[in-house]
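S.K.: my questions are about this predicted structure, shown below with the sequence.
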Amino acid sequence: SIHDLLTGIQIKKEKIVYKPLLKTDIEEIKKLHKEWFPLSYEDDYFQQIFANKSGSYFTIGAYYTIDNKDIILGLALCEFRPVSEYFVKHTSPKAIEEICRNIDFNEEVQSYLRCEDYNCAYIMTIGVLDECRQLHIGSELINRIIDKAMTDNICIGVYLDVVYYNSSAIKFYENNGFKRVTTLKNYYNINDNLYDCDAFLRIF
């Protein structure tokens with residue numbers, strides 16, 4: 001396993017390679033998702049991302065070579081989505097007004113949130129191995145997601161959602177420039193229990 005390979009290894013940060021994930025890594029990616037997240041992800045979820053028939057998905061992996069084997073230290077799965085799909089679908093016009101006031105978005109950004117012509121890059125999942133948490137891989141993944149998103153001329157920012165009680169993840173996102181914009185009620189179904197999630201947005 002990845003954890004066995006990392007035993008006794010001191011990872012050199014400068015030798016970590018960031019690049020799109022490979023379809024041949026799907027089985028490993030599935031194992032990591034099972035390890036990292038309380039939600040269950042079906043095979044179709046991963047197959048759809050790597051088939052990428054819509055052209056809207058993109059992935060980033062943090063790879064490290066040990067004994068001539070490339071292993072995944074961290075990864076992110078993302079999708080370009082219309083702004084309206086998120087903010088208009090899950091919030092009322094009144095709620096959008098309140099969001100804009102609370103996080104002090106300027107008028108231009110406020111107009112983006114109300115318009116169906118713009119995209120955001122949605123971070124579907126992002127994770128890093130426990131052994132590598134001090135190497136700032138998560139922050140580097142965020143930076144590269146932003147770089148990728150900014151190549152889309154109609155993309156205004158990056159957003160994500162996180163279950164409300166995951167305080168360490170929330171702190172991480174806030175430290176990386178994300179602002180909490182709204183709470184979605186009963187958004188996650190974890191072991192047949194419904195949980196609220198907090199939505200975070202970072203505008204370019």
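M.R.: Yes, it's here. Note that the coordinates shown come from a computational prediction; the quantities given were computed from them, not determined experimentally. Residues are numbered from 1 along each chain as shown.

S.K.: so residue 123 touches residue 157, yeah?
M.R.: No: applying CB atoms under 8 Å as the test, residue 123 and residue 157 come out as separate, 11.2 Å apart. C-betas here are computed from N, CA, C, even on glycine.

S.K.: just the buried residues of stretch 148-161, please?
M.R.: Residues 148, 149, 155, 156, 157, 158, 159, 160, 161 are the ones in stretch 148-161 that count as buried (16 or more other CB atoms under 10 Å).

S.K.: spell out the secondary structure type for the last one.
M.R.: At residue 161 the chain is in strand, as set by DSSP: H, G, I helix; E, B strand; the rest coil.

S.K.: quick check: bridge partners of it?
M.R.: Beta-bridge pairing of residue 161 under DSSP bridges involves residue 199.

S.K.: so what's it up against?
M.R.: The neighbours of residue 161, taking CB atoms under 8 Å, 6 or more residues apart in numbering as the test, are 184, 187, 197, 198, 199, 200.

S.K.: now render those residues as a markdown table, adding pLDDT, distance to residue 20 and neighbour count.
M.R.: A markdown table is the format used below for the contacts of residue 161 (pLDDT from 0 to 100; distance: CB to CB, whole Å; neighbours: other CB atoms under 10 Å):
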| residue | pLDDT | distance to residue 20 | neighbour count |
| --- | --- | --- | --- |
| 184 | 81 | 29 | 16 |
| 187 | 85 | 28 | 16 |
| 197 | 90 | 27 | 19 |
| 198 | 89 | 28 | 21 |
| 199 | 86 | 26 | 21 |
| 200 | 89 | 24 | 22 |
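
S.K.: include distance to residue 57 when you put those residues into CSV, please.
M.R.: CSV is the format used below for the contacts of residue 161 (distance: CB to CB, whole Å):
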residue, distance to residue 57
184, 22
187, 21
197, 21
198, 24
199, 20
200, 20
